[in-house]
Each structure stands twice: as C-alpha cells, then as structure tokens.
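Asks: No sequence on hand, only this structure:
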C-alpha cells in the first residue's frame, strides 16, 4: 500500500493552504460534494481563520512523499459522543487512479478511531459516486439511502470503531496474503 502522511492544514505553507481551494473548486471534486458551489478566495481565507478556534473541525493535507495531493477532514466532531462526519479527496490529477484513496482511507480510519478515539464515523455520498461507495463498502461502511435534495439521492455511509477493528484485521490479512478469498 502507498505511504501517505497527514499534516494539519494550519501547519502548512500559505501556498498549500490555497491549493486546497483550487482542489475543492475543481469540477470533478465539486460534483461529488453535497455543497457544489465555487469557493471564493475570501470565503476560503475566512474558513482558514476560523479553523484554529473551531474544535469541531480537523482538516489535514494529505502528502505522498513530500507532495501535497489532497485533503482529509472531520466535521461536526462530538467529543462527548465520540462521533463525527468525515470526508477526503485527492486533488492532484496525476495521483488519481493509483490506489492512493485506499491508503488515505486506511490511515485516516486508524487516526480517527485510534488516535482521536472516535467511536462512530459517517459520511454523505451522492449515490451516483459509485467509486467512493465501492471503496467505503470495502472498508466496512454500511449504507443507508436518503433523499435530501430533489435532484440527488444521497447515501449515508457509517462505520463504528468495533466494525473497523474487524475490517482492519481482514484488510491486513489480505495485504499479507493470508486470506485467499
């Protein structure tokens, strides 16, 4: 599996902080988001300023070696109930389709469930985003369908810490070749 690392967005250089807005405004990323509006530089800078004081959000830049390639984040973190919404995307086109999504998701789930001690994670996915839904299912997420907007159906993908521990062991065995399925 590819090696990736996460760096808090507040600890990266200004150019990388601005790259996040560029990625988020890309058509192929926006069309997979619930909020699909273009983000202005002013809105982005205001969001960055507020990140330092909003404990309900954690946002990391994903690096492959020394190259920033995407983002992963927790939203609406409830530290008392140990639940959060989450999401991620690969923003650099040359890194798409190389299996990095699996590496990012694996590392992220370990971070959320182990390091941050979350018990439960959810994410909203447009039902036509087959690639994301397929990946999340492979990692043990369960799916529930909703209709929030008239033009789109949305799936809620859910995973508990307990389910992740079981799935993580299965994935490790597959990677080591122990499970011959």
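Replies: It's in. On a predicted model such as this, the values are computed, not experimentally measured, just so you know. Numbering: from 1, shown residues only.
Asks: From residue 50, how far off is residue 128?
Replies: Between residue 128 and residue 50 the computed distance is 31 Å (C-beta to C-beta, to the nearest Å). (C-beta placed from N, C-alpha, C; glycine too.)
Asks: More neighbours: which of those two?
Replies: Neighbour comparison, residue 128 and residue 50: the larger count goes to residue 128, with 13 against 10 (by other C-beta atoms under 10 Å).
Asks: Beyond the lowest-mean-pLDDT helix or strand in the chain, next helix or strand please.
Replies: For the chain, the helix or strand with the lowest mean confidence is strand 142-149, at a mean of 69 (criterion: mean pLDDT, DSSP states H and E). Reading on from strand 142-149 to the C-terminus, the next helix or strand found by DSSP states H and E is strand 152-160.
Asks: longest strand of the protein?
Replies: Selection of the longest strand in the chain by residue count, based on DSSP state E, yields strand 67-78.
Asks: quick one: buried residues of that one?
Replies: With burial defined by 16 or more other C-beta atoms under 10 Å, the residues of strand 67-78 counted as buried are 68, 69, 70, 71, 72, 73, 74, 77.
Asks: Cool, thanks, talk later.
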